[in-house]
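# Quick one, what's the 3D model for this:
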Amino acid sequence: MAYQVISLETLRAERRRQTVEEQVPYIAPGGRLEHVTKRIVHGEMEVYDLDRPVGEMITTASGLTQLVQKVVLDLELGREQVPLLYTPIYRRRENRNFPQHIEIRPFVGARVVFLEHLEGEEVKFGDMKVGPAATVPIVTYAAGFEWTEDVVEYSQDWSVAELSRAMGEAYNALLNHLHLGPIVSYNYPAKNKTAASTEGNTYLEKLRNTIIQGLKDASQDKDADTGSPRRPTVLLAHSSRQWDIEQALQRQQIGGTIYPQISQINTLIFYDGYSVTVGEKTYAYPGVDPGKAYLIDPSRYFVELVKHDLIVDAGQADVKRLIQGAIVGRARRGVVCSPEKAVQELALP
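Numbering: from 1, shown residues only. Sure, this is the predicted structure:
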């Protein structure tokens with residue numbers, strides 16, 4: 001197998017084999033940006049329990065800091081349950097000084113060429129070119145939860161931990177949606193679509209031929225900015241198609257002829273979406289349609305812009321509603337995504 005399989009299950013399994021130490025930011029009482037250490041040892045994440053009830057913790061600055069640290073680690077535990085699937089497609093650019101609207105030319109429009117330099121000639125300088133929609137917004141995403149006086153009175157500290165983990169799951173689910181949603185929801189023009197192949201006696205033959213035709217169709221579509229053909233190396237699909245797609249990519253014998261593995265594809269990503277009900281409302285992020293797949297060239301037109309990643313701090317109590325405290329998390333991010341320039345949509349047989 002010459003390709004990497006990326007799904008919730010494979011990433012969780014890989015994480016279980018790792019030993020990791022990361023510094024996770026949070027805002028301490030008083031507004032200082034601090035960090036707490038997240039440790040994963042052989043796949044097991046270290047968390048700690050509070051040594052006092054929540055009601056006692058929130059009465060002092062040091063206790064409130066410990067509570068926020070625990071919330072941050074519980075939140076990270078939730079994030080581990082919903083791994084990020086889009087990272088092989090996107091380049092990450094992080095800058096605390098990003099403005100609210102960013103010109104995208106530096107990310108997708110840079111063009112440079114090296115030429116032989118002859119004495120007396122000027123060096124050929126690079127330039128920038130990009131089509132319409134030359135800016136992308138940095139959007140603030142926020143979530144949080146409160147705990148009431150009942151949580152304190154009845155020592156329901158476990159509910160804070162459960163809410164923290166759910167918050168972590170929700171954040172990573174949002175990131176997957178922000179970066180993969182534009183690909184699966186885009187209305188592709190004819191040049192970016194490949195019909196399901198009818199050639200072959202078996203389903204796997206037809207699926208294999210569909211993928212090959214999609215690669216051919218992509219290679220015939222040249223980028224107007226660079227003149228380069230699209231060369232997809234990532235295949236995005238629904239998890240129910242995983243086994244069929246993996247078999248279709250393999251070396252096969254068909255009608256007495258040996259056909260080599262489809263080697264151009266080096267990454268398979270399986271994304272089924274996400275759904276959560278909060279209160280009486282259900283929020284659903286659509287995944288890949290089981291009847292479709294997407295061949296993606298990740299080289300240029302996908303960038304995640306991060307002004308700052310998720311930061312958590314504690315909010316104030318509200319006596320009028322018997323709210324003892326609150327935890328709020330927010331992140332400021334943008335996405336550069338141009339599916340028409342980099343994606344071939346396949347209709348699967």
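# Would you confirm that Leu268 contacts Ala2?
No - contact between Leu268 and Ala2 fails when scored by Cβ atoms under 8 Å: they sit 11.1 Å apart. All C-beta spots, glycine's among them, are computed from the backbone N, C-alpha and C.
# more neighbours, these two?
Ranked by neighbour count (other Cβ atoms under 10 Å), Leu268 and Ala2 place Leu268 first, with 23 against 11.
# And the more buried one, how far from Gln261?
Applying Cβ to Cβ, to the nearest Å, the value for Leu268 to Gln261 is 13 Å.
# Check Tyr48 too.
Distance check for Tyr48 against Gln261: by Cβ to Cβ, it reads 48 Å.
# okay, the two: which has more neighbours?
With neighbours defined as other Cβ under 10 Å, Tyr48 and Gln261 compare such that Gln261 has more, 13 against 10.
# Give me the pLDDT value at the more buried one.
As predicted, Gln261 sits at a pLDDT of 86.
# Okay, now the sheet partners of the host helix or strand of Glu34, with direction.
Applying DSSP states H and E as the criterion places Glu34 in strand 33-41. With DSSP bridges as the test, strand 33-41 is paired with strand 20-27 (antiparallel), strand 44-45 (antiparallel).
# Pull out the buried residues from that strand.
Glu34, Val36, Lys38, Ile40 (16 or more other Cβ atoms under 10 Å).
# Likewise for stretch 269-281?
Neighbour-count burial for stretch 269-281 flags Ile269, Phe270, Tyr271, Asp272, Gly273, Tyr274 (criterion: 16+ other Cβ under 10 Å).
# Turn those residues into TSV, columns for pLDDT.
Below are the buried residues of stretch 269-281 laid out as TSV (pLDDT from 0 to 100):
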residue	pLDDT
Ile269	97
Phe270	97
Tyr271	96
Asp272	96
Gly273	94
Tyr274	91
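# Of these, which belong to strands?
Ile269, Phe270, Gly273, Tyr274 (DSSP state E).
# Relative to Glu21, which of those is nearest.
Set against Glu21, the nearest of these by Cβ to Cβ is Ile269 (27.1 Å).
# for the strands paired with strand 33-41, which one ends up most surrounded?
Mean neighbour count (mean count of other Cβ atoms under 10 Å) peaks for strand 20-27 among the strands paired with strand 33-41, with a mean of 14.
# tell me the contacts of Lys70?
Val47, Tyr48, Asp49, Leu50, Ala161, Ser164 (Cβ atoms under 8 Å, 6 or more residues apart in numbering).
# List the contacts of the strand holding Glu34.
In contact with strand 33-41 (Cβ under 8 Å, 6+ apart) are residues 15, 18-28, 45-46, 65, 69, 72-73, 76, 80, 311.
# okay, and for the chain, where does confidence drop off?
Across the chain, residues meeting the criterion (pLDDT under 70) sit at 1, 50-59, 105-133, 147-158, 256, 315-325.
# And the strands in the stretch 151-300 of the chain, which stretches?
Assigned by DSSP state E, counting those that start in this stretch, the stretch 151-300 of the chain shows strands spanning 193-194, 234-237, 252-254, 257-259, 267-270, 273-278, 281-286, 292-296.
# Just the buried residues of the third one, please?
If you call a residue buried by 16+ other Cβ under 10 Å, then strand 252-254 has these buried ones: Gln252.
# Given it, what are its sheet partners and their directions?
In the sheet, strand 252-254 lines up with strand 257-259 (antiparallel) (DSSP bridges).
# how much distance is there from the strand it pairs with to the middle of the chain?
Strand 257-259 sits 37 Å away from the centroid of its parent chain (Cα atoms, centre = their mean, to the nearest Å).
# just stretch 292-302 next, same as before
Its chain's average C-alpha position is 14 Å from that of stretch 292-302, according to Cα atoms, centre = their mean.
# would you put the C-alpha positions of it in CSV?
Output of stretch 292-302 as CSV, limited to C-alpha atoms (Å, rounded to 0.1, in the frame of the first residue of the first chain):
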residue,chain,number,x,y,z
LYS,A,292,-19.4,10.9,-5.0
ALA,A,293,-15.7,11.2,-4.5
TYR,A,294,-13.3,14.1,-5.0
LEU,A,295,-9.8,14.0,-6.5
ILE,A,296,-7.9,17.0,-5.0
ASP,A,297,-4.6,18.7,-6.0
PRO,A,298,-3.5,20.2,-2.6
SER,A,299,-0.5,22.1,-4.0
ARG,A,300,-1.7,25.7,-4.1
TYR,A,301,-5.3,26.6,-3.5
PHE,A,302,-6.0,25.5,0.0
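# Show which residues not belonging to that stretch make contact with it.
If you take Cβ under 8 Å, 6+ apart as the criterion, stretch 292-302 is touched by 88-91, 108, 179, 183-184, 211, 214-215, 218, 223, 226, 230-237, 241, 245, 265, 288, 336-339, 341-348.
# Just the buried ones out of these, please.
88-91, 108, 179, 183-184, 211, 214-215, 218, 230, 232-237, 241, 245, 265, 288, 336-339, 341-346, 348.
# Show me where the stretch 1-150 of the chain has its strands.
Counting by DSSP E, counting those that start in this stretch, the strands of the stretch 1-150 of the chain are 4-6, 20-27, 33-41, 44-45, 91-94, 101-103, 110-111, 127-128, 135-137, 139-148.
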